[in-house]
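Novice: Show me the folded form of this:
(2 chains, ligands or ions: 1)
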Amino acid sequence: MTVFENLSSRIRRRGFLAGAAVFATLLAGCAENAPQDTFEPAGPNARKIDGLQRELFYISGIVGIIVLAAVAYAVWKFKDRGQDIPEQTHGNPKLEILLTILPAIILVVVAVPTVSAVFELDKKDNDCIINVTGQQWWWEYDYSGTCGGVEITEPIVTSGELVIPAGTPVLLRITSRDVIHSFWIPRLNGKRDAVPGRLHTLRLEADQPGMYTGQCTEFCGLSHARMRQAAVALTPADFQTWVNNQLEPYSANAPEAGTTAAVGEETFIAQCSRCHQVDDLTTAGKDDAGNDITVPVLAEPDRYVVSGSAPNLTNLMTRTAFAGWTFDLLTEECRDRLWNAPPDEFGALYLQGVTPECFDETNLREWLRNPPAMKPMYTDPNNLAASDGKTRGMPNLNLTQDQIDQLVAYLLERK
Amino acid sequence: MFTTGSKLFFGATALSLVGAIVYSASTDGPSGTMGTIGLLSAAAVFGFLAGINFSNRDGNVPAMQQGVELTSAAAARPVRNSIWPLIAAVGAAGLVVGAVSKPVVFKVAVVAVLAALVEWMVQGWSERASDDPQHNDQVRRRMLYPLEFPILAAAGGGAIVYALSRVLLASDKDLGKIVFGIIAVLVLFGGFVFAGKRHVKRSTVTAVCTVGAVALLGVGVASAVQGQRTIDEHPTTATNSAVCLEEGSEAEIDEHASQDVSAKSSVLAHVYLQSDGSLVVQVTGYTEPPSTLTVPRSTPVTVLFHNDFSSPERLTGRFGTFGTAPEAIQCTTAVNPGKTAFLNFEIPRGNAASSSDLEFLVPGTGSTIVIVVP
Ligand SMILES: [Cu+2]
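Specialist: A predicted model of the protein is given here:
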């Protein structure tokens, strides 16, 4: 083989690889099961963004084609065929003015819908306000006041799954407890950074009941990739049911005496409640005079966790995934059924929560056995000097198999 | 055979690989994984570089064409003296000394070593560019002037600004203004004179500038040694002090209190003390002011206090009593009518965990706003 043959075969090979890469990228765009697709807006805000980006894509696409065609023409027309060097000119005021004004006009044309969309998306009027707080590596939501006409008599604190009434503009007030995170539900709106000490707002509205997934989009440390979230839209009536259930007193779900779950409650108080709150949970104690009374069990995560918080587990089993909405609580079959449910059946299915038939125990058991093995977190007790012994995430508590059984039985009733 | 450059990179590849193996075997947990990934990545990168070096034989002509460097014209000329080996050596020594003594020595040494590296390399290269020393000089200048001039100018400018700032910090506040004015006038005047007299000798200009710069540096050093004048602190908030529960007074108002713009934007809420003495909280998104303020647990937040009352007042937050710790109280300094101040705080646990009430109040007016921490 001569040098040239060698070279041309090399070029051919590279061309093939480049082509394959482009093709693969194109194919990726055809992914069918892509729930986090901004190109499939499911609410007015996302539709505004989608509409804008489509318009801009067409305008810049046309400009791009014109420019590329002009370049191609020039390259072909004026290629060196041995002709004389053409006359050299310097400056052409008319052409230059034209080439300044034309792009300026195009930019103005582009600016009009852009600026109007920016202001439109910044609107804050709403029928529901939810506080959204990010921390390594999960989201917490708290509700108070009224939401979509539903009175929330006591604050509701939940995590991972943001339940909202469909067809209602919801204003999220987003901040962070530790580092910068970013909240994004691609099918409902753009992203918004969660910055400690600052409060940013983002309006979500879903047209239809359903599950809209997303994930943290600002690199926030070790388990950033496992900091996911979902917005769950319910019809107003279903939302009312959800709120009622969240506000149900603990006694409605308290474990029956003598069951494994009842033992689990004790284990929970001993092992877990220093970090995790279960609302209204009480235990036996003494008052100052030494009389037996019940005292509330109050979490103190600020003493053990860097972010100062851990997920509220009062209604864990009303959610479908845990730990940064990363691990399923539902079996695959039940999850698929829920995710693929038509809008009018979705709410009823979602409100069932995690039923014993649909409960995928393995994930939760594995989590309780050794959380950092499942989701990388900074919890190594020998390595916490820099944070005063506080962890980032949930440490391995070295639970026994029996304790895990009890806890799982107890947690399965939290809904 | 293996070329010089590729040997270096092959060595580095092997070293990283060995490092990765040793590291992954000797550590565990997430940091072990991260370190191993880092070392493996380094091995991959070094391997890649080794490959490139190997395949193009270091881009080294003599390696492919034995002997050309001996017969080239440039090789025939003796190289000239260079200051850079000396600077590199001093820098290297400085690195060692700085590492055990003062960080600043280390930093200066790093700069010296880097400068020597670049200058020496370019000089060495340029002296072999041709057998015409003049041309070689020109090549060197063309390469390095665009780098040297901005850096030297920035360093010179920086030194002058720094020296002047020391002078201003050491002198009395009002004197500082005068000094600043005089120097500005001198510079302007000097520029004016030189611009008008185009035929002033170059050496005169140099002399005047040098004397000026040296004088400024000298005074700057002297001032820096003497130290700064005392500068008042202007705290915005007080913590846990009894003063928070007393009415704000005119005497403590501090117009210079830190009021960073960043702290006043994107706040959690605006708290207004209205002209009738009542407190109202305005929260983004609420059309009606809510009757209570919800604050997330363990989250650093800021509220902005607006005093629309007729006398100077402060905003005080009672942020709860948790466990055995004393009650957490924080307040702004007194704020003049029509002015604002921010209060930055964090409440570790919810209302249920506090043995005292959580609220905002303005001492003396009796008005409060309940804080809800879910
Ligand atoms: Cu994050």
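Novice: Helices of the stretch 251-374 of chain B, residue ranges please.
Specialist: B:261-264 (DSSP state H, counting those that start in this stretch).
Novice: Give me the below-cutoff pLDDT ranges for it.
Specialist: B:251-260 (pLDDT under 70).
Novice: which bits of it sit near chain A?
Specialist: Residues of the stretch 251-374 of chain B lying close to chain A by CB under 8 Å from any CB of the partner chain are B:263, B:265-268, B:284-287, B:290, B:294, B:296-302, B:322-323, B:344, B:346, B:348-350, B:352-353, B:372, B:374. Glycine gets a C-beta too; all of them are placed from N, C-alpha and C.
Novice: out of those residues, which are buried?
Specialist: Using 16 or more other CB atoms under 10 Å in any protein chain shown as the burial test, these include B:263, B:267-268, B:284-285, B:290, B:294, B:296-302, B:322, B:344, B:346, B:348-350, B:353, B:372, B:374 as buried.
Novice: now, which of the residues you listed lie within strands?
Specialist: Those of those mapping onto strands are B:294, B:301-302, B:344, B:372, per DSSP state E.
Novice: quick one: the strands in the stretch 201-350 of chain A?
Specialist: Assigned by DSSP state E, counting those that start in this stretch, the strands in the stretch 201-350 of chain A fall at A:210-215, A:228-234, A:282-286, A:292-296, A:321-322, A:327-328.
Novice: Show me the helices in the stretch 301-415 of chain A, by range?
Specialist: Going by DSSP H, counting those that start in this stretch, the stretch 301-415 of chain A shows helices at A:332-339, A:343-351, A:361-369, A:371-374, A:401-412.
Novice: Pull the number of nearby residues for the residue in the stretch 51-200 of chain B positioned nearest to chain A.
Specialist: Per CB to the nearest CB, residue B:55 is where the stretch 51-200 of chain B lies closest to chain A, at 12.4 Å. Counted with other CB atoms under 10 Å in any protein chain shown, residues neighbouring residue B:55 total 9.
Novice: How about the residues of the stretch 251-400 of chain A by chain B?
Specialist: Proximity of the stretch 251-400 of chain A to chain B, by CB under 8 Å from any CB, involves residues A:277, A:296, A:298-302, A:307-309, A:372, A:376-378, A:380, A:383.
Novice: Once you drop chain neighbours, what's closest to residue A:109?
Specialist: Take residue A:109 and drop its neighbours on the chain: the residue closest to it by CB to CB, 6 or more residues apart in numbering or on different chains is residue A:59, 7.1 Å away.
Novice: contacting residues around that neighbour?
Specialist: Residues near residue A:59 by CB atoms under 8 Å, 6 or more residues apart in numbering or on different chains: A:106, A:109-110.
Novice: Residue B:315 now?
Specialist: Counting by CB under 8 Å, 6+ apart, residue B:315 touches B:271, B:273, B:303, B:305, B:331-332, B:335, B:341, B:343, B:360-362.
Novice: count of residues packed around the residue nearest to it when sequence neighbours are not counted?
Specialist: Closest residue to residue B:315 apart from its sequence neighbours, by CB to CB, 6+ apart: residue B:305 at 3.9 Å. Counted with other CB under 10 Å, residues neighbouring residue B:305 total 25.
Novice: Against chain A, how distant is residue B:305?
Specialist: For residue B:305, the distance to chain A (CB to the nearest CB, to the nearest Å) stands at 16 Å.
Novice: List the residues that contact that residue.
Specialist: Going by CB under 8 Å, 6+ apart, the list of residues near residue B:305 reads B:271, B:273, B:314-315, B:332, B:335, B:340-343.
Novice: List the ones among the residues you listed that fall in strands.
Specialist: By the criterion of DSSP E, membership of the contacts of residue B:305 in strands covers B:271, B:273, B:332, B:340-343.
Novice: among the contacts of residue A:59, which ones are buried?
Specialist: Applying 16+ other CB under 10 Å to those flags residue A:110 as buried.
Novice: could the contacts of residue A:59 be laid out in JSON lines, adding pLDDT and secondary structure?
Specialist: JSON lines is the format used below for the contacts of residue A:59 (pLDDT from 0 to 100; DSSP: H, G, I helix; E, B strand; the rest coil):
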{"residue": "A:106", "pLDDT": "91", "secondary structure": "helix"}
{"residue": "A:109", "pLDDT": "90", "secondary structure": "helix"}
{"residue": "A:110", "pLDDT": "91", "secondary structure": "helix"}
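Novice: Which of the contacts of residue A:59 sits closest to the ion?
Specialist: The closest of the contacts of residue A:59 to the ion turns out to be residue A:110 (CB to the ion; 32.2 Å).
Novice: give the contact list for the closest one.
Specialist: By CB under 8 Å, 6+ apart, the residues touching residue A:110 are A:56, A:59.
Novice: per-residue confidence for the nearest residue to residue B:353 once chain neighbours are set aside?
Specialist: Leaving out its chain neighbours, the residue that sits closest to residue B:353 by CB to CB, 6+ apart is residue A:298, at 4.5 Å. Per-residue confidence (pLDDT) for residue A:298: 91.
Novice: For residue A:298, which residues are in contact?
Specialist: Residue A:298 makes contact with A:273, A:277, B:349-350, B:352-353 under the criterion CB under 8 Å, 6+ apart.
Novice: again with residue B:352
Specialist: Residues counted as contacts of residue B:352 (CB under 8 Å, 6+ apart) are A:296, A:298.
Novice: Residue B:302 versus that one, what's the distance?
Specialist: 24 Å (CB to CB, to the nearest Å).
Novice: Kindly report the same for residue B:271.
Specialist: Per CB to CB, residue B:271 is found 11 Å from residue B:302.
Novice: Same question for residue A:308.
Specialist: From residue A:308 to residue B:302 the distance is 17 Å (CB to CB).
Novice: Burial check on the residue in the stretch 251-400 of chain A that chain B sits nearest to, number of neighbours?
Specialist: Using CB to the nearest CB, the closest approach of the stretch 251-400 of chain A to chain B is made by residue A:308 at 2.7 Å. Applying other CB under 10 Å, we find 23 residues neighbouring residue A:308.
Novice: which phi and psi does the nearest residue to it once chain neighbours are set aside have?
Specialist: Nearest residue to residue A:308 in three dimensions, chain neighbours excluded: residue B:298, at 2.7 Å (CB to CB, 6+ apart). Dihedral pair for residue B:298: phi 50, psi 40, per degrees, to the nearest 10.
Novice: picking that back up, farthest pair within the ones in strands among the buried ones among the residues of the stretch 251-374 of chain B next to chain A?
Specialist: Spanning the widest gap among these are B:344 and B:372, at 18.9 Å by CB to CB.
Novice: remind me, longest helix of chain A?
Specialist: Longest among the helix segments of chain A by residue count, using DSSP state H, is helix A:44-77.
Novice: Specify the angle between that one and strand A:210-215 in degrees.
Specialist: Here helix A:44-77 runs at an angle of 60 degrees relative to strand A:210-215 (axes from the mean of the first three to the mean of the last three CA atoms, to 10 degrees).
Novice: did I read that right, residue B:157 in a strand?
Specialist: No: counting by DSSP: H, G, I helix; E, B strand; the rest coil, residue B:157 is not found in a strand; it is helix.
Novice: Would you map the helices across the stretch 51-200 of chain A?
Specialist: For the stretch 51-200 of chain A, applying DSSP H, counting those that start in this stretch gives helices covering A:93-121.
Novice: For it, what lies in contact range of the ion?
Specialist: Residues of the stretch 51-200 of chain A found near the ion (CB under 5 Å from the ion) are residue A:181.
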